[in-house]
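A.B. asks: Sequence and computational prediction follow.
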Amino acid sequence: MSKIDTSLVADTQLDLPAAPHTAQAETSPDRMILLITLVGIILWGLSVAAFGIPGLYIPALIAVPVIWTLLIIITRG
């Protein structure tokens, strides 16, 4: 009698991904980042439409210290 090498036997069970949840779809972090970015751009555009040029540059001036702080946090690890 010979022994069968199990490493040579084809795998008969396929590992198929599970069906997506139909009740609630999970949102990925990439999708949330994109959504937040788009909402921010839309709000900035509405600010320009409502207030003109000050609506364009005042949010940018406010964002400078915020981005500067985020860069320091990122570089410190």
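C.D. replies: That came through, no problem.
A.B. asks: element containing the spatially most central residue of the chain, please.
C.D. replies: The centroid of the chain falls nearest to Asp30 when counting by C-alpha atoms, centre = their mean (1.4 Å). Counting by DSSP states H and E, the element that carries Asp30 is helix 29-51.
A.B. asks: From the contact counts, what lies against that helix?
C.D. replies: With contacts defined as 3 or more C-beta pairs under 8 Å, 6 or more residues apart in numbering; DSSP states H and E, the secondary structure elements packing on helix 29-51 are helix 53-76. C-betas here are computed from N, CA, C, even on glycine.
A.B. asks: Summarise which helices and strands the helix it packs on is packed against.
C.D. replies: helix 29-51.
A.B. asks: Other residues contacting the helix it packs on?
C.D. replies: Counting contacts by C-beta atoms under 8 Å, 6 or more residues apart in numbering, the residues outside helix 29-51 that touch it are Gly55, Leu56, Ile58, Pro59.
A.B. asks: of all those residues, which comes closest to Leu71?
C.D. replies: Checking the contacts of helix 29-51 against Leu71 with C-beta to C-beta, the nearest one is Pro59 at 18.2 Å.
A.B. asks: Enumerate every residue touching the closest one.
C.D. replies: Taking C-beta under 8 Å, 6+ apart as the contact definition, Pro59 lies against Trp44, Ser47.
A.B. asks: one more time with 10 Å, if that's ok
C.D. replies: Gly40, Leu43, Trp44, Ser47, Val48, Phe51 (C-beta atoms under 10 Å, 6 or more residues apart in numbering).
A.B. asks: now swap in Ser28 and tell me
C.D. replies: Residues touching Ser28, when contacts are defined by C-beta under 10 Å, 6+ apart, comprise Leu34.
A.B. asks: which regions of this protein sit below the pLDDT cut-off?
C.D. replies: By pLDDT under 70, the low-scoring segments of the chain are 1-2, 5-25.
A.B. asks: at 90 instead, please
C.D. replies: Applying pLDDT under 90 to the chain picks out residues 1-28, 77.
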